[in-house]
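Novice: Need a 3D model of the following:
(3 chains)
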Amino acid sequence: MKPALSVILFSVLSGAGLGALALMALADLAWRAGVVEAPWSPALTSAAAIALVLVIAGLCASTLHLANPRNAWRSLARWRSSWLSREALAALAFIPVAGAYVALHASGSPSWTQALAGATVLLAWAMLYCTAMIYASLKPVRQWHTARVPVAFFLLGHASGALLIACAIATERTATNGWMVAAVLLFVLALIAKIEYWRFVGASGITLETAIGVPHGVAPPRREHARPRSVAARLLDVGHSKGTFLTDEFVNTQSHSTLRAMRAAALIAGFGIPLLWLASSFGIPLPGLGDGRPDWRVGAMVWLACMLGLTAERWLFFAEARHTVRLYHGDRTT
Amino acid sequence: MTAANPNMKLGLVIDLDTCVGCHACATACKEWNGASAISGPLADYDPYGAEPSGVWFNRVRHYEVGAHPDSKTINFPMSCLHCEEAACVSVCPTGASYKRSDGIVLVDQDKCMGCNLCAWACPYGARELDQCSGTMKKCTLCVDRIYDERLPEDERQPACVLACPTHARHFGDFADPDSNVSTMVRERGGFSLLSELGYVPVNQYLPPRDVPAVAISTSPTAPSGEDASASALSRLIARARAVLAR
Amino acid sequence: MPIPAEDRPLPQSPATTRRVEYSTCYMCACRCGIQVTLEDDELRFIQGTRDHPVNQGVLCAKGSAGIMKQRSPAKLRKPLRRKPGALRGRNEFDEIEWDEALAIVEARLRAIRTTDPRKLAFFTGRDQMQALTGLWAQQFGTPNWAAHGGFCSVNMAAAGLYSIGFSFWEFGAPDWDRAKYFVLWGVAEDHSSNPIKIGLDKLKRNRAKFVSINPIRTGYSAIADEWLPIRPGTDGLLALAIVHVLLRDGTIDYEFLARYTNAPWLVVDAPGTSEHGLFARDRDGRPLVFDDSLGSVTSDVGIATVPALFKTLTLDDGRHVATVMTHVAGRYVGDDYAPAAVAERCGIAADTIERLAREMAHVAFEEAIELPIAWTDVWGRHHDKVVGRPVAMYAMRGISAHSNGFQTCRALHLLQMLLGALDGPGNFRARAPYPKPIPPHQLPATACAPGKPLTRAPLGFPMSPDDLAIDEHGVPLRIDKAYSWESPIAAHGLMHMVIANAVAGDPYPIDMLLLFMANMAWNSAMNTGVTRDLLCAQNEDGSYKIPFVVVCDAFASETVAFADLVLPDTTYLERYDAISLLDRPISEPDAPADAIRHPIVPLDRDVRPWQDVLIELASRLEFPAFTRDDGRRKFVDYRDFIIRFERAPGIGFLGGWRGERGDEPLVGAPNPRQWEAYEKHHAFFAYHLPDQLKWHRYANREYLEFAQDVGFIGAAEPIVMQLWSEPLQKFRLAGQGVYAGRQPTDARDRERLATYFDPLPFWYPSLEGCETDCAKYPLMALTQRPMMMYHSWDAQNAWLRQIIADNALYVNVRTAHECGLADGDWAWVESTHGKLRCRIRTMEGVEPGTVWTWNAIGKQGGAWGLAADAPEATTGFLLNHLICEHLPKRGDDGRRITNSDPITGQAAWFDVRVRLTKCESGEYGTAPCAPPLADAAGVARPAVIRWPE
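Specialist: A predicted model of the protein is given here:
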């Protein structure tokens, strides 16, 4: 699939924002219920505001993907069947709800916050889920049509959101290790999910032979009563000398070296660097990253690096996806 | 056809036994639909330059199956299959993509926002983005031909079907078990593309027919070498005399 | 989840008027009928005419893309004159007015005509008006006229016309409706494109078996039931091996041979004399047969005659004679042509050949068709049914474009004659005005004189050395040396030799080269790079060796750049045209037919139809056929000419609606409203023959009388098919030095005549192959036409070039591997003559010793309205660079011989042998690559097209 920067930025930025807001609202509810000791703090309000801005920025970025944006307002129409429509609806609900939630915290008046917290969590998760399902519902893309995708979106969104919160918390020097632990857990789970996903991506799917109907008799002539043999198919000519919308959108392949480089970038920047910095919050001193106490300025850089790393991951999510239409362009398997 | 009939399943049969890969269908389609009000002009980019490309609803691809000297070359036209469970319709957020009661799947050009999701949902590559209009375009089954009463009845067919020189394309109603298309599919073992994905394509492909059996004439048992020529010659002479004497 | 159905109102077209016009397509030699829809007077849709005899409503990609042809920026807009001081070939022109252009041409032609008419060489390309251009050349008085057939496929036309009275090529068609077994030899997309496609579908539906003999498995061969990957140039071996099996098994049509062919004719056996190998004839020149019922020799063949197929005897006058059939059996029954003997050279297994032959025999004789149609043959025998041997065939360029193509095609006709599978139900049928006498009664012009028309047409069918167009020293009359010892039966001329011969002054220099729709500076040349240089070759004083080049075309081709004067033509939607029975007919076997074009789109630029320009020049130069006795011009324009010109009383260019009232088909007085009649009838005329005139027409009395009445043939006499070709034998005798008439003096000519002019078909290895190190150049290199491009003529089409804008060389997967090549690699392709660089693609469906590419896709940047960096120029390539118009060997006297079939002069461009070497890394891009042309004035290439806006 063509990695479209607008859509990639949308899911990375919004994912982080939604994950952060969901976690903060969950913690808020848990604190109100007396389950945890961590009260709301001004740092969290800042983090929540940043998270909301990330969500809105991501949504705006996504509209750049549209070739005819003046009809974008219609995208709420098919919520009955379309995950994209549902996501638009969820976004439409989420923004005012989360906005109100953040505003209430900012204004210091807590009266509606519990209900709004609950709504924020649910709507954030709804948005994450709808976004993931836009991809996961697509049967022609084997690499996307799996529960691994919503799981990864969740974990990555929450992990990058937790990292954002950890940075914010680090400004207050109140060292609540809870957030750091949560962030580490989420990153580790996300890493496991990602590695398993990359194994899944490399497997084989539908073949070119199936796609053109070889099992149905699209094969060399048989003498009558001869047994059907299994035969291999190959592309002879794709039917056009230069590119088309389909080749641009689905077929153009990146080189192996580019893909490897992107995987390395994703692992190092998206997972490695955050984990290292988070480790420093447990009193583990690491040269350049901290003296055992998390520094929010370093944290901010780490978070930016993480965003870049997750952008690479999301880029790979597209670039390594093999749509069935590629079979008709000569791929041996999806 | 005279009017949209509910519960029809209009579609095409594509015969891989006679398709010679001439691209007449693709070009006739491009020609008809470029000037059709349904889709508007089909853009062509850099038409006389280094990267000529454009919006086409129908493309013919070519494959080889098997190995030399027993290989087969397959010419493979592909256009929208007007699926019964068309995911391109269900994923469309704006409702631009819709399916009619006669089975035809269309894109409403006034509603499409060009998000590409329908193209992602289509396993067959039936939809293309027109960069000039910013909308997705695809085969309309020539809906503006099949119901046009200004056309003579036998021309109320998709342009590709009319053009195909080997009659490898047939148009009809699959909901009618006795229609031309239903009969062909039954008799020739027509199949759906990628049926395992569950979209229930309406268009069906017919696989190549088996080789017709031809008996061979009996050959007189003949030794090889000079004797053979001599005896063949004398047989020939005798037979000629016998036949012509009649 | 089921998708809910919605029926929304559909957008409506804003067009207020809709109009349908009919005309004829122009994109290839098929001449399909087209139905053109215009909305508000703009082109809206082009489809096939539903009731047209050729295409019956279908239309190929080329025809369907006609609108983009019409809108091409490559259209020429005004007459052009090379800028003073500018070099040829650079596209540097000034626009001039028609008056000036015509004045220039007229003055030059007048000067040539009054001094030496041969100095005009007028050659036409893929046009369809040879009856008019040939007439014009004859009236001008120059023998130097031909179309492109000698370059293209004359072997098919000539072999048929010298054997069966009609041909593959355009004078025959398979009986698609009734054939039970169909063999396609060496055919890619070709002359009969849509009819073949329609026909193959019929065969499949009728469960007829379709066998394709072709080195490449694409297109028609893709859908064949059985594909035989034959080695190029060996089809003759395969055909004659099948002949061997039929003869060995005795499964031949004895009656057909005895009645309808010259199998029973007596051939003189007198080696060393001038009679050897000629037919024994009576005093009136009629051939002799041995009548078994009389027990004696006779020339009087009637119903009661039982001609012996096998007989050897001595005539009363002492001459030893034997029947043709005796010779036939003697040659092919032996081991030389047994399947096992040919299998290795053909690349087809012996038991496959055996099976093929026996399948054909079975279908021909055990599955014969009978139609309950009564007919009478020309000898008076009444038949109550028509018997058909339903084995049909079609053959084209894969047979033709080899130096053994004529004899190979004759071998196919021999096979058809043995099977009795000619012009009968289920086999290969003639198309009017054929069948004609063998060969047609038309000899080529052998002399010319200033100011006078030729007494005969420039092209014709020699019957003996005495019909050659040479002087007493053997020097050819024609610039292309057609009808000389080098190419005696050159029925379509040798377009590919004109430029080289003119520049070499061999046999003489010319003054003006006039080209119409002939891309001879590019793909219509065998030796492109050298040909382009030759067009610019200069004398010591700086003048060009070909002093004046005039090019007429509708589009800016590569050749237009080399003109001194460009006369711009219209497109096919802007002109009148007559697709005439006098020319290359569109008849169906059941119906003689012809067609027209008429203007559908108004002219928006200063161009003129070429036919009108020809008529204008003919009138100004006062050609007799175009001038009244009082000196005034006879015809106003082309439209007028077509209506009123009569080749013979009542016979004109168009056969429909003749007679003053327009009610006389095929023959009748001119009808002043004839064009209107055609326009009313979908632009075509078809005369449906009654059933009893449709079959065995070479011997069908009623048909032959009808054909005589309407001017197809001169006399209603039987057309006896020629297994043994006496004209060929006469040439052979001349080569052997015993002919009673003209003989060649050059030893090379003698050897060629003695070797190749065998009166019976035989196979020989290619001439180029014999002079090439085949170990060093092991691969055969072919081209074939794609179905959506016709020679160079579709790159200017914005839709078609999206399908194919460049080409690669296809190589068998295993062969590529052995050469160290992978799919997509760049490689050097080398012949003895030249070297080129191109991209390789691998495929399974190609014979391992063959490589191939699509024909004429490569273009010069800037030509055809394309950008300088168009893929056609940067990655597309022409195989032509590797092919030489001369054979490698030079004689001791320095003489070079044309690389063509020694009998017909057919360009042997499929004989080229090559080898492949992988390019070094960093070496890529088409080479050689002509520098791009500067844009002609007024060429505007839009960045985006949103037709119809």
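
Novice: so residue C:196 makes contact with residue C:188?
Specialist: No - here residue C:196 does not reach residue C:188: they are 10.4 Å apart, not a contact under CB atoms under 8 Å. Any C-beta I mention is one placed from the backbone N, CA and C, and that applies to glycine too.

Novice: got any residues that touch both of the two?
Specialist: Residues touching both residue C:196 and residue C:188 by CB atoms under 8 Å, 6 or more residues apart in numbering or on different chains: residue C:220.

Novice: Run through who's touching the strand or helix carrying residue C:729.
Specialist: Residue C:729 is located in helix C:726-736, with elements delineated by DSSP states H and E. Residues from elsewhere that reach helix C:726-736 (CB under 8 Å, 6+ apart): C:162, C:274, C:276-279, C:439, C:462-465, C:488-489, C:739, C:741-744, C:749-755, C:757-759, C:903.

Novice: Compute the mean per-residue pLDDT across that helix, please.
Specialist: In this model, helix C:726-736 has a mean pLDDT of 98.

Novice: Pick out the residue of the stretch 1-150 of chain A closest to chain C.
Specialist: In the stretch 1-150 of chain A, the residue found nearest to chain C is residue A:81; the distance is 6.8 Å by CB to the nearest CB.

Novice: And for the stretch 201-334 of chain A?
Specialist: Taking CB to the nearest CB, the stretch 201-334 of chain A has residue A:241 as its residue nearest chain C, at 3.9 Å.

Novice: Isn't that residue up against residue C:795?
Specialist: No - using CB under 8 Å, residue A:241 is not in contact with residue C:795, being 11.0 Å away.

Novice: Any part of the longest strand seen in chain C near chain A?
Specialist: Scanning chain C for the strand with the most residues, using DSSP state E, yields strand C:835-843. Yes - interface with chain A: strand C:835-843 contributes residue C:843 (CB under 8 Å from any CB of the partner chain).

Novice: which other residues reach whichever helix in chain B runs longest?
Specialist: Secondary structure of chain B per DSSP state H: the longest helix is helix B:226-245. Identification of contacts with helix B:226-245 by CB under 8 Å, 6+ apart yields B:220, B:222-223, C:247-250, C:252, C:254-255, C:258, C:292, C:306-310, C:325, C:329-330, C:333-335.

Novice: now, which of the residues you listed lie close to chain A?
Specialist: Okay, of the contacts of helix B:226-245, nothing touches chain A (CB under 8 Å from any CB).

Novice: could you give me the average pLDDT of stretch C:890-901?
Specialist: 92.

Novice: now do stretch C:181-194
Specialist: Averaged over stretch C:181-194, pLDDT sits at 91.

Novice: Check whether the longest strand of chain C comes near chain B.
Specialist: Yes - Strand C:835-843 reaches chain B (CB under 8 Å from any CB) through residue C:843.

Novice: other SSEs contacting that strand?
Specialist: strand C:809-812, helix C:813-818, strand C:826-830 (3 or more CB pairs under 8 Å, 6 or more residues apart in numbering or on different chains; DSSP states H and E).

Novice: could you give the mean pLDDT of that strand?
Specialist: 97.

Novice: any idea which helix or strand comes after that strand?
Specialist: strand C:850-854.

Novice: Three-state assignment for whatever residue of chain B ends up closest to chain A, please.
Specialist: Using CB to the nearest CB, the closest approach of chain B to chain A is made by residue B:114 at 2.8 Å. What DSSP: H, G, I helix; E, B strand; the rest coil gives for residue B:114 is coil.

Novice: ok, which residues in the stretch 301-450 of chain C are in contact with chain B?
Specialist: So the stretch 301-450 of chain C meets chain B at C:306-310, C:325, C:329-330, C:333-335, C:338, C:354-355, C:358-359, C:361-363, C:365-366 (CB under 8 Å from any CB).

Novice: The same query, at a cut-off of 7 Å, please.
Specialist: Neighbours of chain B within the stretch 301-450 of chain C, by CB under 7 Å from any CB of the partner chain: C:306, C:309-310, C:329, C:333-335, C:355, C:358-359, C:361-363, C:365-366.

Novice: what's next to stretch C:83-100, contact-wise?
Specialist: C:78-82, C:532, C:535-536, C:544, C:561-562, C:566, C:606, C:608, C:933-934, C:936-937 (CB atoms under 7 Å, 6 or more residues apart in numbering or on different chains).

Novice: buried ones in it?
Specialist: C:88, C:89, C:91, C:92, C:93, C:95, C:96, C:98 (16 or more other CB atoms under 10 Å in any protein chain shown).

Novice: measure the residue of chain B closest to chain A to chain C for me?
Specialist: To chain C, residue B:114 is 16 Å away according to CB to the nearest CB, to the nearest Å.

Novice: where exactly do the strands run in chain B?
Specialist: Going by DSSP E, chain B shows strands at B:10-15, B:44-45, B:53-54, B:59-65, B:72-78, B:97-99, B:105-107, B:128-130, B:135-137, B:169-173, B:204-206.

Novice: so after the strand or helix carrying residue A:159, what's the next helix or strand?
Specialist: Residue A:159 belongs to helix A:148-172 when assigned by DSSP H and E. Downstream of helix A:148-172, the next assigned helix or strand under DSSP H and E is helix A:177-201.

Novice: Mind giving me the packing neighbours of that next one?
Specialist: Helix A:177-201 sits against helix A:148-172, helix A:273-280, with contacts defined as 3 or more CB pairs under 7 Å, 6 or more residues apart in numbering or on different chains; DSSP states H and E.

Novice: still on that earlier bit, mind giving me the PyMOL select for the contacts of helix B:226-245, buried ones only?
Specialist: Listed next is the PyMOL selection for buried residues among those, using 16+ other CB under 10 Å:
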select buried, chain C and resi 247+248+249+250+252+254+258+292+306+307+308+309+310+325+329+333+334
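
Novice: Which of the contacts of helix B:226-245 fall within strands?
Specialist: Short answer: these have none in strands (DSSP E).

Novice: The contacts of helix B:226-245 in helices, which ones?
Specialist: C:247, C:248, C:249, C:254, C:255, C:258, C:325, C:329, C:330.

Novice: Taking the residues you listed, tell me the two that lie furthest apart.
Specialist: C:255 and C:330 (21.4 Å; CB to CB).

Novice: In this structure the residue of the stretch 201-334 of chain A closest to chain C contacts residue C:807, no?
Specialist: No - using CB atoms under 7 Å, residue A:241 is not in contact with residue C:807, being 8.7 Å away.

Novice: between the two, which one's more packed in?
Specialist: More crowded of residue A:241 and residue C:807, by other CB atoms under 10 Å in any protein chain shown: residue C:807, with 28 against 21.

Novice: Residue C:683 contacts residue C:599, correct?
Specialist: No - look at residue C:683 against residue C:599 with CB under 7 Å: they stay out of range, at 11.8 Å.

Novice: From chain C, how far out is the nearest residue to residue B:57 once chain neighbours are set aside?
Specialist: Nearest non-adjacent residue to residue B:57, counting by CB to CB, 6 or more residues apart in numbering or on different chains: residue B:139, 4.4 Å away. From residue B:139 across to chain C, the span is 15 Å (CB to the nearest CB).

Novice: Next one: residue B:139 from residue B:122, what distance?
Specialist: The gap separating residue B:139 from residue B:122 is 11 Å, by CB to CB, to the nearest Å.

Novice: what do you get for residue B:102?
Specialist: From residue B:102 to residue B:122 the distance is 20 Å (CB to CB).

Novice: before we move on, what about residue A:188?
Specialist: Computed as CB to CB, the residue A:188 to residue B:122 distance reads 38 Å.

Novice: Where does pLDDT dip in the stretch 101-250 of chain A?
Specialist: Low-confidence segments of the stretch 101-250 of chain A (pLDDT under 70): A:110-111, A:173-176, A:223-229.
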